[in-house]
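Chemist: below is the structure, and that's it, no one-letter string:
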């Protein structure tokens, strides 16, 4: 389920990179360890001064169980929303742009704060940041459930994303601190497996809860979990810290401004018009922040994105392919559950069950592709997978209709799901194999930030296409917009396949590249 760098020399710093699931799709999240300098432990329990701290067998089980519970809550909450979007739109009388912000607000805040969450955990204490993130996520969930209008809901979703960014990196770091190296892969594999099951079950759970109770209950469910986990973490999990690093606050502000400005301009372009002062100003501000971010990364002491890594062809091509991959995927998922309900007239539960033909393949195909990529290389699997996703999306665009039988949609969804499940581990492997071991943490952080931002832009672009071609006025009008949006999703996948062809062959990417002095990660 993950890749571990084993130090060649005692005391050499390393990175552990875990493959887990987020928004229904595998992702790598990094954290570092330093065998020569064990993390500081605050609290009860023995420590092993020869390596990471370990407690009793029961202590480790508590850490695993509590970290997994928090991860399941975050993962489940990300996907249950998909089958609740149609009911949210009706109950809160939202526009298409407001509805997409309920998804993008979460993804945007999660993306820009992901690496910051890891750094804060290392500096101020992983347990402290982990519980702070849990408290923030739980409180934001209650705010989502109590939202009197869509503006409140969007703001609460943004806070949820910030909480998730403070939960996930420290959760895995706490697991690393609790388990000795021989037992760590099994613990992390169980952690990732439980998270993956929660993601696959999310649309079904969301549909059942929305149909049986109300959409607000998909958020209320988080309260008992959060309120139970937080005190147990404070009681059962020892505090730990990692190497002291710096937060690139300038980069954080600029990348947030860049993403927000560009997405706002895309979202508002249909209602306000491309030539409006609002849209032009937003796009211009986003472009200026983008240029300023690149310039800042060249001079920052601890840059969020080491620009020198983009001189590595595998890193650059893998990240570009990944952005197109997740733009296509997140954008089409945003409309798929709505299509089953608004276009075909299914209930929320039926919509969630119908999506399994697409989403469940990741639990079978992705692990197989992850093993196969080491044999055939990342390029063929990434290009073929993105090509299959494009074919599946194109097929769906052609056959989508208010009266389309579900049986006719199974094959294209299986093809798309198989393709994306092949491409995900391949593009991530291309990125990680392109860099030296000590750069893996930064590389995986850059990839996952790009993945989230790609999803944000994918939802914005496909929503713009939908607004031009269709509407929510009826099943036929919605299906017209859905077909056009899914067709563009296929085009984004093809663009990703073209980018994947630039990934070096297996001989080039089979071993990490040596670290160049100019690119070496700062410690």
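Modeler: Nice, thanks for sending it over. These figures come from a predicted structure and were not determined experimentally.

Chemist: strands of the stretch 151-300 of the chain, start to end?
Modeler: 239-240 (DSSP state E, counting those that start in this stretch).

Chemist: so where's it uncertain?
Modeler: By pLDDT under 70, the low-scoring segments of the stretch 151-300 of the chain are 181, 184-185, 188-189, 192-193, 195-197, 199-200, 242-247, 270.

Chemist: so who does residue 66 touch?
Modeler: Residues in contact with residue 66, defined by Cβ atoms under 8 Å, 6 or more residues apart in numbering, are 229, 232-233, 236-237. All C-beta atoms are positioned from the backbone trio N, CA, C, and that covers glycine.

Chemist: what do you get for residue 310?
Modeler: Here residue 310 is in contact with 316, 319 (Cβ under 8 Å, 6+ apart).

Chemist: go with 10 Å
Modeler: Contacts for residue 310 were tallied using Cβ atoms under 10 Å, 6 or more residues apart in numbering; they are 316-317, 319-320, 446.

Chemist: among the contacts of residue 66, name the buried ones.
Modeler: Buried by 16 or more other Cβ atoms under 10 Å: 229, 233, 236-237, out of the contacts of residue 66.

Chemist: of all those residues, which comes closest to residue 336?
Modeler: Of all these, residue 336 sits closest to residue 229, with 31.5 Å by Cβ to Cβ.

Chemist: can you tell me how far residue 169 is from residue 259?
Modeler: According to Cβ to Cβ, to the nearest Å, residue 169 stands 20 Å off from residue 259.

Chemist: for those two, indicate the residue with more neighbours.
Modeler: residue 169 (29 against 25; other Cβ atoms under 10 Å).

Chemist: wait, that one touches residue 118, no?
Modeler: Yes. With contact defined as Cβ atoms under 10 Å, residue 169 counts as touching residue 118 (3.7 Å).

Chemist: leaving out sequence neighbours, find the closest residue to residue 431.
Modeler: residue 318 (3.9 Å; Cβ to Cβ, 6 or more residues apart in numbering).

Chemist: quick one: secondary structure of that neighbour?
Modeler: Using DSSP: H, G, I helix; E, B strand; the rest coil, the structure places residue 318 in helix.

Chemist: try residue 502
Modeler: What three-state DSSP gives for residue 502 is coil.

Chemist: that one and residue 67: what is the separation?
Modeler: 37 Å.

Chemist: more neighbours, these two?
Modeler: Legend: neighbour count by other Cβ under 10 Å for residue 502 and residue 67, higher for residue 67 (28 against 16).

Chemist: how close does that one sit to residue 445?
Modeler: Using Cβ to Cβ, residue 67 is found at 19 Å from residue 445.

Chemist: so what's the residue count around residue 364?
Modeler: 12.

Chemist: could you pull out the helices for the stretch 301-450 of the chain?
Modeler: 313-338, 348-359, 362-376, 378-399, 407-433, 440-469 (DSSP state H, counting those that start in this stretch).

Chemist: mind giving me the packing neighbours of the fourth one?
Modeler: Spelled out, it's helix 378-399. On a contact count with 3 or more Cβ pairs under 10 Å, 6 or more residues apart in numbering; DSSP states H and E, helix 378-399 meets helix 313-338, helix 362-376, helix 407-433, helix 475-500, helix 506-509.

Chemist: in the second one, which residues are buried?
Modeler: Put plainly, it is helix 362-376. Per 16+ other Cβ under 10 Å, helix 362-376 contains these buried residues: 362-363, 365-367, 369-370, 372-373.

Chemist: so residue 496 sits right up against residue 424, yeah?
Modeler: No. With contact defined as Cβ under 10 Å, residue 496 does not reach residue 424; the gap is 11.1 Å.

Chemist: can you work out which residues contact both of the two?
Modeler: Common neighbours of residue 496 and residue 424, using Cβ under 10 Å, 6+ apart, are 322, 325-326, 329, 382, 385-386.

Chemist: compare the residues you listed and tell me which is most surrounded.
Modeler: residue 325 (34 neighbours).

Chemist: which one is that residue nearest to, not counting chain neighbours?
Modeler: Leaving aside its sequence neighbours, residue 325 sits nearest to residue 496 (Cβ to Cβ, 6+ apart; 4.9 Å).

Chemist: thinking residue 60 is in contact with residue 191, fair?
Modeler: No. Look at residue 60 against residue 191 with Cβ under 10 Å: they stay out of range, at 12.0 Å.

Chemist: return every residue with contacts to both of these two.
Modeler: The contact sets of residue 60 and residue 191 overlap at residue 175 (Cβ under 10 Å, 6+ apart).

Chemist: related to what we said a few turns ago, can you name the two of the buried residues of helix 362-376 that sit furthest apart?
Modeler: Maximum pairwise distance among the buried residues of helix 362-376 (Cβ to Cβ): 17.1 Å, between 363 and 373.

Chemist: quick revisit: neighbour count for residue 60 and residue 191, which is higher?
Modeler: Set side by side, residue 60 and residue 191 show unequal neighbour counts under other Cβ under 10 Å, the larger going to residue 191 at 24 against 18.

Chemist: any idea how far the more buried one is from residue 68?
Modeler: As for residue 191, its distance to residue 68 is 5 Å (criterion: Cβ to Cβ).

Chemist: between these two, which contacts overlap?
Modeler: Common neighbours of residue 191 and residue 68 (Cβ under 10 Å, 6+ apart) are 171, 175.

Chemist: which residue comes closest to residue 451 once chain neighbours are left out?
Modeler: residue 326 (4.8 Å).

Chemist: actually residue 316, not the one I typed
Modeler: Nearest non-adjacent residue to residue 316 (Cβ to Cβ, 6+ apart): residue 310, at 4.8 Å.

Chemist: so who does the nearest residue to residue 149 once chain neighbours are set aside touch?
Modeler: Nearest residue to residue 149, sequence neighbours excluded (Cβ to Cβ, 6+ apart): residue 92, at 6.1 Å. Applying Cβ under 10 Å, 6+ apart, we find residue 92 in contact with 98-99, 102, 147-153, 215.

Chemist: would you agree residue 413 is in contact with residue 359?
Modeler: Yes. The pair residue 413 and residue 359 passes the contact test of Cβ under 10 Å, sitting 8.8 Å apart.

Chemist: pull up the overlap in contacts between those two.
Modeler: residue 336.

Chemist: for the chain, which helix or strand comes out least confident on mean pLDDT?
Modeler: The helix or strand of the chain with the poorest confidence is strand 41-42; it has a mean of 37 (mean pLDDT, DSSP states H and E).

Chemist: where exactly do the helices run in the stretch 51-200 of the chain?
Modeler: Secondary structure of the stretch 51-200 of the chain (DSSP H, counting those that start in this stretch): helices located at 57-80, 85-92, 96-124, 126-145, 150-178, 184-212.

Chemist: no further questions, thank you.
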